[in-house]
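1. take this sequence and fold it.
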Amino acid sequence: MAENKVRTKLRKSRLTIDDKYMGPEPIFQPGETLEAEKREGMWTKSAHWYNYFYKAKDYVPTVLQFAEEVYGYDKDQIKTLKKLKDWELTFRLGKIAKIHYRGYEYTPAEFERWSGILKETYDEAVVAIEEIEDKVASKPIVTIQDRQRAKILETIMEDWDAVVDGWLEGDFSGTIDAYKLFKTYGLKGSTLNMFKNMVANEYQPVKDAYDNTCDQAVEAFSHIKRSNLKKMMTAMETIFEDLDKLKVANKAARIPRIKKPKASDVQVKNLKYKVEDIDAKLMSINPVMIPGKDVLFVYNTKTRKLTQYNTNSTKGFEVSGTTIKNICEKSRITTLRKPEDILPLILSKTIKQIDKQVWDNITTKVSEPNGRINADCILLRVL
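-> Next comes the predicted model:
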């Protein structure tokens with residue numbers, strides 16, 4: 001058992017070929033890029049990383065966020081930008097926006113240049129909307145319901161019409177296996193209820209005549225024996241039963257939709273934290289490093305509380321608003337009496353060394369944290 005745990009741990013930390021040659025995702029700390037000598041090279045290397053790992057659609061949420069937060073585009077303008085195809089929206093701005101949210105600091109001149117590109121992209125979206133509206137106006141609209149109804153008429157309705165034609169010719173032995181035919185023709189979704197309503201329109205007058213509850217129905221079916229009316233009803237009731245079984249089977253076979261995790265920069269969009277504390281000589285890491293990690297250290301400069309968040313989720317940490325999600329019972333929080341002695345250890349030691357040199361020697365009360373981050377919190381480190 002111990003050997004399996006070791007093997008699992010080694011496999012988890014094993015680098016793929018892509019990771020080995022492309023390196024980890026580029027993340028920059030405040031002040032790292034603006035005055036760097038090889039600033040352009042840092043951007044180019046980051047762009048190569050995203051060009052290798054990302055597709056056009058992966059940039060879409062970030063570009064829209066960039067337009068809204070940096071350039072103040074309103075909801076209507078964002079809605080207009082969404083009308084573009086993924087590659088049209090992101091091919092010039094995708095890497096620019098993504099690298100910005102990974103901590104790379106642009107100059108005012110660069111922001112001005114990106115503003116021009118965004119304006120050109122927006123103008124293209126406006127033109128695209130006008131073209132779409134012109135095409136829609138000139139093209140007859142065929143709804144999904146119209147397509148489904150047409151498919152029913154071309155498939156199972158022909159089998160059902162053969163049964164009804166038999167009744168008109170005096171043959172009341174005909175029937176159909178609705179369950180099998182729906183599977184054969186690949187009919188799905190609302191086609192089930194559509195066909196059921198079509199058959200129900202035939203069923204109700206026959207039942208009224210059989211039960212003598214409608215004079216018009218009795219007169220209309222007066223030429224058919226009561227026993228044959230019963231056969232007609234039985235054939236249709238069998239169809240209803242098949243359709244109910246099919247509905248249950250479809251529901252059981254439906255694969256639940258797996259919620260796709262949000263991009264890390266989208267997750268931390270509303271996270272409130274302290275970028276730097278000069279008195280404590282501490283600076284926060286870029287918060288986009290938190291999603292997906294297993295251990296996070298946070299220090300509250302106001303209350304002097306040190307928090308170690310742990311997770312056993314395969315997805316790692318997730319961030320929602322100002323809260324760290326997926327934390328487990330191993331997470332802990334305590335008040336530091338001498339933070340100047342403890343914090344350097346948190347920033348430099350391994351997790352085992354921190355357990356031994358810090359947590360094993362803590363004399364203050366240790367409790368379980370709630371996962372909330374506020375404006376007094378320094379994001380110390382992730383592992």
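
2. pLDDT below threshold where in this protein?
-> 1-21, 136-139 (pLDDT under 70).

3. ok, now how distant is residue 163 from residue 150?
-> 21 Å (CB to CB, to the nearest Å). In this view, the C-beta of every residue, glycine as well, is placed from N, C-alpha and C.

4. ok, these two, which is more surrounded?
-> Set residue 163 next to residue 150 and count neighbours by other CB atoms under 10 Å: residue 163 wins out with 20 against 12.

5. and that one, helix, strand or coil?
-> Using DSSP: H, G, I helix; E, B strand; the rest coil, the structure places residue 163 in helix.

6. which residue packs closest to it, ignoring adjacent ones?
-> residue 174 (4.1 Å; CB to CB, 6 or more residues apart in numbering).

7. endpoints of stretch 283-294, how far apart?
-> This stretch, stretch 283-294, spans 20 Å end to end (CA to CA, to the nearest Å).

8. quick check: buried residues in that stretch?
-> Using 16 or more other CB atoms under 10 Å as the test for burial, stretch 283-294 gives 283-292, 294.

9. could you do stretch 76-93 as well?
-> Neighbour-count burial for stretch 76-93 [16+ other CB under 10 Å]: 77, 80-81, 84, 89-90, 93.

10. same list (these) but as CSV, adding secondary structure and distance to residue 328.
-> What follows is the buried residues of stretch 76-93, written out as CSV (DSSP: H, G, I helix; E, B strand; the rest coil; distance: CB to CB, whole Å):
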residue, secondary structure, distance to residue 328
77, helix, 42
80, helix, 43
81, helix, 40
84, coil, 42
89, helix, 39
90, helix, 36
93, coil, 38
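
11. ok so, going back, and the residue nearest to residue 163, what element?
-> If you go by DSSP states H and E, residue 174 is not part of any helix or strand.

12. quick one: contacts for residue 56?
-> Contacts for residue 56 (CB atoms under 8 Å, 6 or more residues apart in numbering) come out as 86-87, 89-91, 94.

13. can you map out the strands along the protein?
-> 276-277, 282-283, 295-300, 305-310, 318-320, 323-325, 332-335, 377-382 (DSSP state E).

14. quickly run through the sheet partners of the first one, with directions.
-> Yep, that's strand 276-277 we're talking about. According to DSSP bridges, strand 276-277 has the following sheet partners: strand 282-283 (antiparallel).

15. alpha carbons only: can I get stretch 203-215 in CSV?
-> Taking Å, rounded to 0.1, in the frame of the first residue of the first chain, the C-alpha atoms of stretch 203-215 are listed here in CSV:
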residue,chain,number,x,y,z
TYR,A,203,-57.0,8.3,-29.7
GLN,A,204,-59.4,10.7,-28.0
PRO,A,205,-62.3,10.5,-30.6
VAL,A,206,-62.1,6.7,-30.6
LYS,A,207,-62.2,6.6,-26.8
ASP,A,208,-65.2,9.0,-26.8
ALA,A,209,-67.0,6.7,-29.2
TYR,A,210,-66.2,3.6,-27.2
ASP,A,211,-67.3,5.3,-23.9
ASN,A,212,-70.3,6.9,-25.5
THR,A,213,-69.3,10.3,-24.1
CYS,A,214,-69.5,12.3,-27.4
ASP,A,215,-72.5,12.0,-29.8
